[in-house]
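Q: Fold the following for me, if possible:
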Amino acid sequence: MSFTNKINIYFDTMGCAKNLVDSEYALGGLRAAGFALTEDPFAAQVVVVNTCGFINDAKQESIERLLELAALKQEGECLLLAATGCLVQRYRQELPAELPEVDLWLGTEEYDQLPERLWQALAEVTGQKLAKLQKAAGAKQTDGGCAALPPRVLLTPPYTAYLKIAEGCSNRCSFCAIPNIRGPLRSEPLAELLAEAARLKEAGVQELCLIAQDTTAYGRDLPEHKPLLPQLLRELDKLGFGMLRLLYAYPEGIDDELLAAMRDCPTVCHYLDLPLQHVNAAVLRRMNRRLNRESIEQLLAKIRAYLPDAALRTTFMVGFPGETEADFEELLDFAAAAQLDWAGVFQYSPEEDTPAAAMPEQVPDEVKARRYNQLTAVLADAGAARREQQVGACLPVLLEQPSLDVPGYFEARSEYQAPEVDGLIYVQNLDGCLTEKQIGSWLTVEVAVAEGYDLLAVPSDGAKPQKHNKRA
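A: Next up, the predicted model:
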């Protein structure tokens with residue numbers, strides 16, 4: 001078998017936004033090494049799945065996706081199926097025997113090796129010499145890796161992007177396998193982050209979302225040995241993005257200096273994603289978390305003192321080992337009163353090699369499911385009440401796309417809604433005033449109706465694109 005054209009590669013990403021950024025850099029390396037990127041898996045000679053291995057549901061989803069794409073070896077043009085990412089990093093020894101359909105395995109520290117390893121595997125599959133294969137496909141010969149970091153291939157819409165400011169986590173929550181998978185905190189140098197952000201701004205990105213396993217820890221492992229997130233925000237603010245959004249903010253790391261930076265920088269969204277997990281003191285101690293209900297309530301009050309309009313997102317876990325009905329009732333009471341805008345609920349999943357998996361008093365699955373449903377309902381009502389308060393408000397929004405779900409409307413988001421995880425603002429296209437040319441531009445709208453997780457709005461400025469000036 002020989003090739004006379006480019007070799008197509010299809011890349012599938014599972015899991016979180018941090019995995020997405022890994023995929024973007026990996027795709028940049030693959031394109032630089034001569035592979036042609038395709039969105040059609042049936043046209044790809046190489047298929048790669050960047051897996052997630054965080055909790056049981058995510059692991060199962062990644063495995064099912066690998067098996068689904070393995071069928072392309074018979075149904076499509078696929079010659080090689082590769083798996084990368086967290087699932088591989090976590091189960092490197094077990095997976096090859098369980099999934100013989102996969103030809104190549106690379107963990108979270110091996111993305112830079114992917115081009116070379118794929119070319120070598122293709123040479124073996126086709127029976128050609130590596131140099132001849134690459135030359136026939138019009139690709140560059142590899143020399144053992146990439147000397148410089150290639151440009152990313154953004155997988156997000158062109159107006160939004162993620163900036164991963166650190167890798168790994170040193171918090172050691174008793175339920176979490178991330179430190180085992182990704183290792184301890186490793187912050188990116190500030191100068192490199194600013195350079196990457198400037199490139200994204202030049203490429204037209206309007207919304208920059210800062211991500212890490214724990215964004216508030218950024219800088220603690222650098223020579224300064226202190227959190228540098230406030231400084232990073234102030235420097236990024238000077239670049240003039242429409243929105244700077246802070247995600248995955250560990251609550252213990254939110255202090256006056258950070259909140260002051262968020263208040264003082266006009267482009268920083270008044271939005272915080274802070275995973276609380278629980279509020280009962282005994283449950284939090286077993287989780288190896290350092291807050292309790294009183295300190296959490298004090299933190300929320302402090303946030304709202306600095307940022308009165310702040311939208312707050314959190315995640316809660318139900319069914320943690322030893323969680324009693326009284327513990328859960330305390331969580332329900334807090335959820336009803338805390339005025340949270342957005343929240344996700346997870347049922348505790350025992351993960352291998354974590355302290356919580358060996359704890360006594362594991363909660364039965366049927367109890368977890370009941371608590372999940374109860375808490376989800378309470379949080380949905382609380383969030384809906386918060387959205388009702390926005391009716392009549394005028395908001396700058398980032399116009400995203402014509403809605404397929406609500407004909408006659410465009411989808412948009414304000415600073416109070418993160419991509420993918422929160423609700424949307426549906427902007428009525430009155431008299432055809434909105435066009436696809438305006439996608440990625442700013443528009444002021446008036447909120448007319450709150451409907452579940454979403455808002456319905458009408459343009460309030462003649463639907464003309466504008467420069468973002470949410471607090472000018």
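
Q: For the residue nearest to Ala418 when sequence neighbours are not counted, give me phi and psi.
A: Closest residue to Ala418 apart from its sequence neighbours, by Cβ to Cβ, 6 or more residues apart in numbering: Arg245 at 6.1 Å. Every residue, glycine included, has its C-beta placed from N, CA and C. Backbone geometry at Arg245, expressed as degrees, to the nearest 10, gives phi -120, psi 130.

Q: do Cys16 as well
A: The phi/psi pair for Cys16 (degrees, to the nearest 10) is phi -90, psi 180.

Q: likewise Cys394?
A: Main-chain torsions, Cys394, degrees, to the nearest 10: phi -100, psi 130.

Q: how far away is it from Thr267?
A: 19 Å (Cβ to Cβ, to the nearest Å).

Q: Compare these two and say which is more crowded by neighbours.
A: Comparing Cys394 with Thr267 by other Cβ atoms under 10 Å, the one with more neighbours is Thr267, at 22 against 12.

Q: Verify the stated contact: the more buried one with Arg234.
A: No. Counting by Cβ atoms under 8 Å, Thr267 does not reach Arg234; the two are 10.5 Å apart.

Q: picking up where we left off before, run a quick neighbour tally on the residue nearest to Ala418.
A: Residues near Arg245, counting by other Cβ under 10 Å, number 24.

Q: Identify the bridge partners of it.
A: Arg245 forms beta bridges with Cys209, as assigned by DSSP bridges.

Q: Now do the contacts for it.
A: Shown in contact with Arg245 (Cβ atoms under 8 Å, 6 or more residues apart in numbering): 207-210, 269, 271, 415, 418.

Q: Compare those and tell me which is most surrounded.
A: Busiest of the contacts of Arg245 [other Cβ under 10 Å] is Tyr271, holding 27 neighbours.

Q: quick one: the helices in the stretch 151-300 of the chain?
A: 178-182, 190-202, 229-237, 256-264, 281-286, 293-306 (DSSP state H, counting those that start in this stretch).

Q: before we move on, the earlier item: Tyr250: which of the contacts of Arg245 is nearest?
A: Relative to Tyr250, the closest of those is Leu210; by Cβ to Cβ it sits at 13.0 Å.

Q: Now do the same for that closest one: its pLDDT.
A: On pLDDT, Leu210 comes in at 97.

Q: Distance of it relative to Phe241?
A: Separation of Leu210 from Phe241 (Cβ to Cβ): 11 Å.

Q: Please apply the same query to Val49.
A: To Phe241, Val49 is 32 Å away according to Cβ to Cβ.

Q: Which one of those two is surrounded by more residues?
A: Shown here are Val49 and Phe241; by other Cβ under 10 Å, Val49 has more neighbours (26 against 20).

Q: Look up the residues forming beta bridges with that one.
A: Val49 forms beta bridges with Asp12, Ala83, as assigned by DSSP bridges.

Q: pretty sure it is touching Asp12, no?
A: Yes. Shown here, Val49 and Asp12 form a contact pair, counting by Cβ under 8 Å, at 4.8 Å.

Q: Mutual contacts of the two, please.
A: Overlap of the contact sets of Val49 and Asp12 (by Cβ under 8 Å, 6+ apart) consists of 65, 69.

Q: buried set for stretch 249-263?
A: The neighbour-count check on stretch 249-263 (16 or more other Cβ atoms under 10 Å) flags 249-254, 258-259, 261-263 as buried.

Q: Check whether Asn50 really touches Ala26, as I assumed.
A: Yes. If you go by Cβ under 8 Å, Asn50 and Ala26 touch, sitting 7.1 Å apart.

Q: what do those two both touch?
A: In contact with both Asn50 and Ala26: 11, 84, using Cβ under 8 Å, 6+ apart.

Q: sorry, back to before: can you lay out the helices of the stretch 151-300 of the chain as CSV showing distance to Val458 and mean pLDDT?
A: Output for the helices of the stretch 151-300 of the chain, formatted as CSV (distance: least, Cβ to Cβ, whole Å; pLDDT from 0 to 100):
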stretch, distance to Val458, mean pLDDT
helix 178-182, 43, 89
helix 190-202, 30, 95
helix 229-237, 31, 97
helix 256-264, 30, 97
helix 281-286, 44, 97
helix 293-306, 29, 97
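
Q: Can I get the ones you listed in CSV including distance to Ala337?
A: Compiled in CSV, the helices of the stretch 151-300 of the chain are given as follows (distance: least, Cβ to Cβ, whole Å):
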stretch, distance to Ala337
helix 178-182, 30
helix 190-202, 38
helix 229-237, 29
helix 256-264, 22
helix 281-286, 17
helix 293-306, 9
